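My questions are about this predicted structure, shown below with the sequence.
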Amino acid sequence: MKRRVLLVDDEISILLTLKAVLEISGFDVDTAASAREGKQRIKHRQYDMVITDMRMENDEAGIEVITCARTAHYKPAVALLSAFPVAEEDWQSMGADQMLVKPMQTHVLLRQLEALLVAHEDKKLKRSTTSSIPAKTIAKKKAVKKTLKPAAKKTAGKKALKKAPAKKAVKPAARKKAIKSAAKKTIAKHIPAKKKKTRRA
């Protein structure tokens, strides 16, 4: 099945060139010459990827397209296309997954788009597996963690938990035994000595 891509750019020459390159590489490509047209297409058709120029009707037009793509229920990958490089933290804060600087060599563009699609599909798969876990199971795990935290702070692991009550129970008995054995030893030492002295006398 062909992967569907939406190209949004107000420069018709770039739009048609990219469309031809992607179609030759096996993509199903739709085009839009403005942010308004791009947003309409995003709402009425599903895409695997949206590639949008930054500056079109206005300087913020690209951000509008990115925002629309991010709110779409099918969650497409989003690439920002611009002749003016933007800092990574800036295009990421806009919501883009990738920054594409034009003009770009065909093989470089295709390699970047393939890598982006693979990475995006992996993210979607992880999200779907996480969301498939029942909410009750997640709640139980959180509850168990909360109950274990105080115990973990008071004791240094499971061994400490097992040893702690045993030490308290053994201490009094051990003291009594130690006192008795010490008393017996001292008595045993002194009594024979006294007997020997009385015999010699």
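Structure received.

domain parsing for the chain?
4-132, 137-200 (automatic domain parsing).

any idea of the mean pLDDT in the longest one?
Read it as domain 4-132. Regarding domain 4-132, the rounded mean pLDDT is 90.

And for the last one?
Across domain 137-200, pLDDT averages out at 54.

how many neighbours does the nearest residue to residue 84 once chain neighbours are set aside have?
With sequence-adjacent residues excluded and distances taken as C-beta to C-beta, 6 or more residues apart in numbering, residue 84 is closest to residue 54, at 7.2 Å. From N, CA and C alone the C-beta is placed, and that goes for glycine too. Using other C-beta atoms under 10 Å, residue 54 has 22 neighbouring residues.

Dihedrals phi and psi, residue 54?
phi -90, psi -50 (degrees, to the nearest 10).

give me phi/psi at residue 50?
The phi/psi pair for residue 50 (degrees, to the nearest 10) is phi -120, psi 120.

That one reaches residue 70, doesn't it?
No. Using C-beta atoms under 8 Å as the test, residue 50 is too far from residue 70 to be in contact (9.4 Å).

Now list whatever residues contact both of these two.
Common contacts of residue 50 and residue 70 (C-beta atoms under 8 Å, 6 or more residues apart in numbering): residue 78.

More neighbours: which of the two?
The residue with more neighbours, out of residue 50 and residue 70, is residue 50; 28 against 16, by other C-beta under 10 Å.

distance of the more buried one from residue 30?
10 Å (C-beta to C-beta, to the nearest Å).

Quickly list what's touching both of those two.
The contact lists of residue 50 and residue 30 share 5, 6, where a contact means C-beta under 8 Å, 6+ apart.

the strands in this protein, which residues?
4-8, 28-32, 49-53, 77-82, 98-101 (DSSP state E).
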